[in-house]
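>>> Just the structure for this:
(one chain, ligands or ions: 2)
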Amino acid sequence: MSLENELLSVTCTAPVNIALIKYWGKRDEEKILPLNPSLSITLDVDDLRTKTTVVASKHFDRDRLWLNGKEHDISSKRMQTCITKLRQGAGDLRSDDGTLLIAKEEWKHYRFHIISENNFPTAAGLASSASGLACFVYSISQLLCFKETFPGELTTIARQGSGSACRSLLGGFVLWECGIAPDGTDSIAKQMDTGDKWKHLRIVILIVNDQQKKTSSTAGMQTSVQTSDLLKFRSKEVVPVQLSRMRDAIKEEDFTTLATITMQESNQFHACCLDTFPPIFYLTDVSKEIIQFVHDYNAKCGGTFVAYTFDAGPNAVLLTQDENLDKLVASLYQRFGFFPVTREGVTSSVCESPQSDQIIRSIVTKIGEGPRVLAKSIDHEESLATKDGKPKFTI
Ligand SMILES: Nc1ncnc2c1ncn2[C@@H]1O[C@H](COP(=O)(O)OP(=O)(O)OP(=O)(O)O)[C@@H](O)[C@H]1O
Ligand SMILES: C[C@@](O)(CCOP(=O)(O)OP(=O)(O)O)CC(=O)O
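Ligands and ions are numbered 1, 2, ... in the order given. Presented below is the predicted three-dimensional model:
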C-alpha cells in the first residue's frame, strides 16, 4: 500500500483548564519555564473545547493554520518550536497488520494544514491558548506517531507553545511542576488526581466580556517579573504552602479548603498584577461585584459553598457542588438578573442572557478528561477539512 498521494489526517479535541494555583511569571522566557508550580482543573470537553484537524501531505508547499475560519500566522517562534520538536520525535506509521507505511525519516517531507476551532471566545482570558496549543501539539503528535523519550515529554512541547497548555494534555486535577533543570525537561505536567471523586463539582463560567484583552498574559507576566516584589515573595513563600494544602484538600474531598485556597490564589494573582509597575487591571467593576456576591452568599449560607477564580481577564469562574447549584443559580438571578438555565439540564449549559447587562453569557460545566482522537480520516463527519485538505468553513 502506498500513501504517496494520500492526505493523512487526524481530528482531535482538547479541553480548557482553569488554574486553581496560578502560573504567573517565567524564570526562562525562551523555554517557558515558570517561577512556580501551578495546579489546574480540566474542564469537560463536551462543554468547552478546541477541535483541530491536521492534514499532512508531501504536496503541500508549507505548513498553514486556520483558526476559527481565518488563516492565522503560524510563523511564531512558539508554534515553530512545537512543530520542530514534534517532527524530531516522529515515529513509523504502520498499518494494523504491522506493514510500514511511512518511515519516521520520511515525515520531514510532509507539510501540515492545521484547521482549528474553539467553541468559546478566543483570547478573552478563557484559556484559549491553553486548549488551542494543547490540541495543536496533541493532534500533530497523533498524526506523526510521536514517541516520547521520557514521560511527560509531550507536555514539555505543549508548554513551549503556551505555558498553561501543558496542563490541558491531562484530565482531572493537573500539576505543572516547576522543575529545576535548565533545559526544562523536568518542567512537565502530571495528573495529580483523576477527579473521579469530584464529579459533583460544578464550574460556572460567567462571561462579562468576550472581547480580546488589552494586556496578554505573556506580556503582563513579563512586566510583573521585572517589577513586582510581591510576585517574588508569592512564588517562593506562598505557592509551596498553598499547593501542599490544596493537594490534601483534593485527596480528602474537602471542598471548603479547596474553595478557600482557590479564592486566595486568585486574589493574590490579581494583587501581583496591581503590584506590577505600571499596574495591570484585569478585573472590572462587574468582576469585583461577583467577588462581593460570592462572599455575601457564603456569609448568608454560613459556610464556604462557592468559590471564584479569575485569570487574565474579567470573566469569573465559580466553583460549587451539585447540591448547591440551584440555590446559587437563583441567587445569581436575584443579584445580576441573570439565570444560567440550560438546554440540557443544569449540569451542562450555555446560556445567553438578554436581561442582564453585566453577565452576557454563562457556561455550566464539570471536571473532565484530557484530549481525545475523534477521527483518523479526512472524510469523517468530525473532520474540519475538505477532501483536498482545506478548511470546510472560512469567514
Ligand atoms: N485553537 C487554537 N489553535 C491554535 N492556536 C490557538 C488556538 N486558540 C488560541 N490560539 C492562540 O492563542 C492566542 C490567544 O492567547 P491569549 O493568551 O491571548 O488568550 P487566552 O488564552 O484566551 O487568555 P489566557 O491565556 O490569558 O487565559 C491566539 O491568538 C492564538 O495564537
Ligand atoms: C493567568 C493564567 O491564566 C496565565 C496563563 O498564561 P499563559 O499560559 O497564557 O502564558 P504564556 O506561557 O506566556 O503563553 C494563569 C494560569 O493559567 O495558571
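>>> if I look at the closest residue to residue 37 other than its chain neighbours, how far off is ligand 2?
Leaving aside its sequence neighbours, residue 37 sits nearest to residue 178 (Cβ to Cβ, 6 or more residues apart in numbering; 4.4 Å). For glycine as for every other residue, the C-beta is placed from the backbone atoms N, C-alpha and C. Between residue 178 and ligand 2 the computed distance is 12 Å (Cβ to the nearest ligand atom, to the nearest Å).
>>> my read is residue 178 is in a strand, agree?
No: under DSSP: H, G, I helix; E, B strand; the rest coil, residue 178 sits outside any strand and is assigned coil.
>>> And this structure, what are its domain boundaries?
8-195, 200-365 (automatic domain parsing).
>>> State the mean pLDDT of the shortest one.
What that stands for is domain 200-365. Per-region confidence: domain 200-365 scores 89 on mean pLDDT.
>>> Let's see the distance spanning it from one end to the other.
Using Cα to Cα, to the nearest Å, the end-to-end distance of domain 200-365 comes to 10 Å.
>>> and that domain, does that touch ligand 2?
Yes: for domain 200-365, a contact with ligand 2 is found by Cβ under 6 Å from any ligand atom, at 217-218, 311-312.
>>> and the residue of the stretch 1-150 of the chain found nearest ligand 1, helix, strand or coil?
The stretch 1-150 of the chain approaches ligand 1 most closely through residue 132 (2.2 Å), counting by Cβ to the nearest ligand atom. Judged by three-state DSSP, the three-state class of residue 132 is helix.
>>> these two touch, right, the residue nearest to residue 37 and residue 39?
No: counting by Cβ atoms under 8 Å, residue 178 does not reach residue 39; the two are 11.4 Å apart.
>>> tally of neighbours for residue 106?
When neighbours are defined as other Cβ atoms under 10 Å, residue 106 has 15 of them.
>>> Buried residues in the helix or strand harbouring residue 156, which are they?
Using DSSP states H and E, residue 156 falls within helix 153-161. For helix 153-161, burial by neighbour count (16 or more other Cβ atoms under 10 Å) applies to 153-161.
>>> got TSV for those, with distance to residue 94 and pLDDT too?
Shown next, in TSV, are those (distance: Cβ to Cβ, whole Å; pLDDT from 0 to 100):
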residue	distance to residue 94	pLDDT
153	21	98
154	20	98
155	25	98
156	26	98
157	23	98
158	25	98
159	29	98
160	28	98
161	28	98
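>>> Name the surrounding residues that touch stretch 59-74.
For stretch 59-74, contacts defined as Cβ atoms under 8 Å, 6 or more residues apart in numbering pick out 5, 79-80, 83, 110-118, 122, 132, 136, 389, 391, 393-395.
>>> In PyMOL, how would I select just the buried ones from these?
Selection of buried members from the contacts of stretch 59-74 for PyMOL, criterion 16+ other Cβ under 10 Å:
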select buried, resi 79+83+110+111+112+113+114+115+116+117+118+122+132+136+389+391
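>>> can you give me the helices in the protein?
77-88, 128-143, 153-161, 217-227, 229-233, 239-251, 255-275, 285-301, 322-336 (DSSP state H).
>>> CA atoms only: put the fourth one into PDB for me.
Coordinates of the C-alpha atoms in helix 217-227 are reproduced here as PDB (Å, rounded to 0.1, in the frame of the first residue of the first chain):
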ATOM      1  CA  SER A 217      -0.700  37.000  29.800                       C
ATOM      2  CA  THR A 218       2.700  36.700  28.200                       C
ATOM      3  CA  ALA A 219       3.400  40.500  28.300                       C
ATOM      4  CA  GLY A 220       1.700  41.000  31.600                       C
ATOM      5  CA  MET A 221       3.700  38.400  33.500                       C
ATOM      6  CA  GLN A 222       6.900  39.600  31.900                       C
ATOM      7  CA  THR A 223       6.300  43.100  33.400                       C
ATOM      8  CA  SER A 224       5.300  41.500  36.700                       C
ATOM      9  CA  VAL A 225       8.600  39.500  36.900                       C
ATOM     10  CA  GLN A 226      10.600  42.700  36.200                       C
ATOM     11  CA  THR A 227       8.800  44.900  38.700                       C
END
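>>> Write out the residues of the stretch 101-250 of the chain neighbouring ligand 1.
Residues of the stretch 101-250 of the chain lying near ligand 1 (Cβ under 6 Å from any ligand atom): 116, 118, 122-129, 132-133, 135-136, 164, 216-217.
>>> Just the buried ones from those residues?
For those, buried by 16+ other Cβ under 10 Å: 116, 118, 122-129, 132-133, 135-136, 164, 217.
>>> just to revisit the earlier point, please name the residues that touch the residue nearest to residue 37.
Here residue 178 is in contact with 33-37, 187 (criterion: Cβ under 8 Å, 6+ apart).
>>> out of everything not next to it in sequence, what's closest to residue 238?
residue 268 (6.5 Å).
>>> Fine by me, we can end here.
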